[in-house]
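**Q** Just the structure for this:
(2 chains)
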Amino acid sequence: MSAPPPAEGALGLAVPARRARRRRAGWLGLGVSTSYLTVIVLLPVAAVVWKSTGGGGGEFWAAVSNPQAVATLKLTLIASVVVVLINAVFGTLLAWVLVRDRFRGKSVVNALIDLPFALPTIVAGLTLLAIYGPRSPLGANVAYTRIAIGLALLFVTMPFVVRAVQPVLHELDRDMEEAAATLGAGPLTTFRRIVLPTLAPAILSGAALAFGKAVGEFGSVVLITGNIPFQTEVASVHIFGLIETDEPTRAAAMSVVLLAVSLAALLAIDLLERRGRRHER
Amino acid sequence: MSASAPPTRPRPGLRARLALRSLALVYLGMLLLLPLGMVFYRTFESGLGAVWDAMSDPAFTHAFKLTVIVVAIAVPVNTIFGIVCALALVRRGSTRGNGLLNAAIGLPLALSPVIVGLALVLVYGKDGWLGGWLLDHGVRIVFALPGMVLATIVVSLPFVMREVVPVLREIGTDQEQAASTLGASGWQTFRRITLPAIRWGVAYGVVLTTARALGEYGAVAVVSGKIAGRTETLTLHVEERFVSFEPVAAYTAALVLAVLAVLTLLAMNVFKPRTRKEAADGDRSAPGDEAVR
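**A** Predicted coordinates:
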């Protein structure tokens, strides 16, 4: 890309040509990016879908409907929903405290919220095991139980709701709350009727992200849950086991189901958000 | 409920605020701080000698080196790709095709890491769509370094792009157009105008990418085959040592990773886009936080 003489540009003659060239560079960038993504993302994901149908519909059904597979899927879904609900409550609480409260060390606490994003998941699992495991100094041993799954998922999904709610809460005009308080509404009523409806879309989108993460989580649960089939084996661990025992078709079938679940959740939230936005107008 | 409570009844407001604050802090302490502190304790409870032994174990040093190599390849690749991708999305004068690109780049974050690993094995493994052909030509991807790098690249794909796109939108094209009118070539404009303008966005994206690349476990576990001393990164080493009943070695490796994570956390707070940081610190309003997923 050699530049034409500047005189031309100064006269404004070459500008459209340059703009066209830049756009061409943009299209080239798009082509290159898309091809690259096809090779490293789209093709592999397509391979999973293709592989899942490899043994025909019967085998797909057998892979996802056998008792162990159903148990892992059920456990994964229930654990994720419970964790997301806890997250929604405590995430909103944390965001509230970080935005509305004032205390020393608040910026440190705020920085700490990102820790689960920065800490490797396997380390997260090990840290939880160190304090809530067999040698727990608190006497709270939950290792190899379903509570452990909840703890691990809670740890890795903690930041999503906080980070989604924080900016919205910050922008929230306090006039309405003050008006409500002046008119005699108690703090709870004010929160329920004024603040919560405004925060709801942010809580929902944070919860959706947390759900997507929880459904597929692997690293943090693998050490602390013991992976006992029918008891503490979650879907991603089940898939990992199927890969290790060289059953890629069944692993792919389970993957497709798991993928469908998280995509459905994202889609549902998207619809809810859109409906909410339409109501606002 | 908070400072907004009318002055006629300050006491219940104050009490409620203190209660909420304590509840939030206790929750964070139980979930984040106590476990992290416990790892420090568990690592050093058998003395410094044991920690030193664990760190001078060849398996540990190899895993550490491998993690550094994987990160050193994956992060620059994702940085360059992220910038190219962001430019292609924002500076093309058209939005056609952007939906597909956005969906494709965000897809890995919606997938379980295990599924990412499986997907790569199904394409690049020995029975995969391309793997057989590649093996015949002497290129081994799965159960070797290229596969681990590939898996790391895929799971940390969108961070740089997602940080750079909003910055590019915000700075607009005026300066770039001026430079190009004055005769700068496309590359010159990028290097002298665009890159300096987006550098903080890039830096934050790089930090997020590094954090994810350092800590990836599931996808790498699937594609590496977890061969001790050969395809074992630091995260895999943590698990391998733990299940082979060497807790001190596991905790030591975990501690090294935790220290790296805390350093990343500090870097995150230095490079975090100002608008978002101000929102968090309570100084000014800010747009929605979409980046850290």
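**Q** Excluding sequence neighbours, find me the nearest residue to whichever residue of the stretch 51-200 of chain A sits closest to chain B.
**A** With C-beta to the nearest C-beta as the measure, A:Pro120 is the residue of the stretch 51-200 of chain A nearest to chain B, at 2.9 Å. C-beta: built from backbone N, CA, C; applies to glycine. In this structure, A:Pro120 finds its nearest non-sequential neighbour in B:Gly215, 2.9 Å apart by C-beta to C-beta, 6 or more residues apart in numbering or on different chains.
**Q** pretty sure the one you found contacts B:Ala254?
**A** No. Applying C-beta atoms under 8 Å as the test, B:Gly215 and B:Ala254 come out as separate, 10.8 Å apart.
**Q** Look up the residues that both of the two are in contact with.
**A** With contacts taken as C-beta atoms under 8 Å, 6 or more residues apart in numbering or on different chains, B:Gly215 and B:Ala254 have A:Ile122, A:Val123 as neighbours in common.
**Q** picking up where we left off before, so how far is B:Ile69 from the residue of the stretch 51-200 of chain A closest to chain B?
**A** As defined by C-beta to C-beta, to the nearest Å, A:Pro120 lies at a distance of 17 Å from B:Ile69.
**Q** between these two, who's got more neighbours?
**A** A:Pro120 (26 against 14; other C-beta atoms under 10 Å in any protein chain shown).
**Q** So what does the more buried one have for phi and psi?
**A** For A:Pro120, the backbone dihedrals are phi -60, psi 140 (criterion: degrees, to the nearest 10).
**Q** pLDDT below threshold where in chain B?
**A** Within chain B, the stretches falling below the threshold (pLDDT under 70) are B:1-12, B:274-293.
**Q** Give me the most central residue, it.
**A** Residue closest to the mean C-alpha point of chain B, counted by C-alpha atoms, centre = their mean, is B:Arg212 at 2.7 Å.
**Q** Could you measure from B:Pro273 over to chain A?
**A** Distance from B:Pro273 to chain A, counting by C-beta to the nearest C-beta, to the nearest Å: 12 Å.
**Q** That residue: neighbour count?
**A** The number of residues packed around B:Pro273, counting by other C-beta under 10 Å, is 19.
**Q** That one contacts B:Ala203, correct?
**A** No. The pair formed by B:Pro273 and B:Ala203 falls short of the contact definition of C-beta under 8 Å, at 10.1 Å.
**Q** Scan chain B for its longest helix.
**A** Using DSSP state H to define each element, chain B has its longest helix at helix B:58-90.
**Q** near chain A at all, that one?
**A** Yes. Residues of helix B:58-90 are located near chain A by C-beta under 8 Å from any C-beta of the partner chain, namely B:Phe81, B:Val84, B:Cys85, B:Leu87, B:Ala88, B:Leu89.
**Q** tell me which of the residues you listed is nearest to chain A?
**A** When these are compared against chain A (criterion: C-beta to the nearest C-beta), the nearest one is B:Ala88, at 3.3 Å.
**Q** Please identify the buried residues of the helix or strand hosting A:Ala63?
**A** Counting by DSSP states H and E, the element that carries A:Ala63 is helix A:56-65. Within helix A:56-65, the residues that qualify as buried by neighbour count (16 or more other C-beta atoms under 10 Å in any protein chain shown) are A:Phe60, A:Ala63, A:Val64.
**Q** where in the stretch 151-281 of chain A is pLDDT low?
**A** Regions of the stretch 151-281 of chain A meeting the criterion pLDDT under 70 cover residues A:276-281.
**Q** 50 instead?
**A** Low-confidence segments of the stretch 151-281 of chain A, defined by pLDDT under 50, span residues A:281.
**Q** Tell me the residue of it that sits nearest chain B?
**A** Evaluated by C-beta to the nearest C-beta, the stretch 151-281 of chain A has A:Gly216 as its residue closest to chain B, separated by 2.8 Å.
**Q** what's the closest non-adjacent residue to that residue?
**A** Distances taken as C-beta to C-beta, 6+ apart place B:Ser112 nearest to A:Gly216, at 2.8 Å, with adjacent residues excluded.
**Q** now B:Phe159
**A** Nearest non-adjacent residue to B:Phe159 (C-beta to C-beta, 6+ apart): B:Leu208, at 4.0 Å.
**Q** and what of A:Leu209?
**A** A:Phe160 (4.5 Å).
**Q** got the contact list for that neighbour?
**A** Applying C-beta under 8 Å, 6+ apart to A:Phe160 gives the contacts A:Asn87, A:Gly91, A:Gly206, A:Ala207, A:Leu209, A:Ala210, A:Lys213, B:Arg293.
**Q** Please, which helix or strand holds the third one?
**A** It stands for A:Gly206. helix A:196-216.
**Q** which secondary structure elements does that helix contact?
**A** Identification of packing neighbours for helix A:196-216 by 3 or more C-beta pairs under 8 Å, 6 or more residues apart in numbering or on different chains; DSSP states H and E yields helix A:67-100, helix A:146-171, helix A:235-244, helix A:248-280, helix B:98-110, helix B:113-124.
**Q** Adding distance to A:Asp114 as columns, could you present those helices in TSV?
**A** Output for the helices and strands packed on helix A:196-216, formatted as TSV (distance: least, C-beta to C-beta, whole Å):
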stretch	distance to A:Asp114
helix A:67-100	12
helix A:146-171	6
helix A:235-244	23
helix A:248-280	22
helix B:98-110	16
helix B:113-124	19
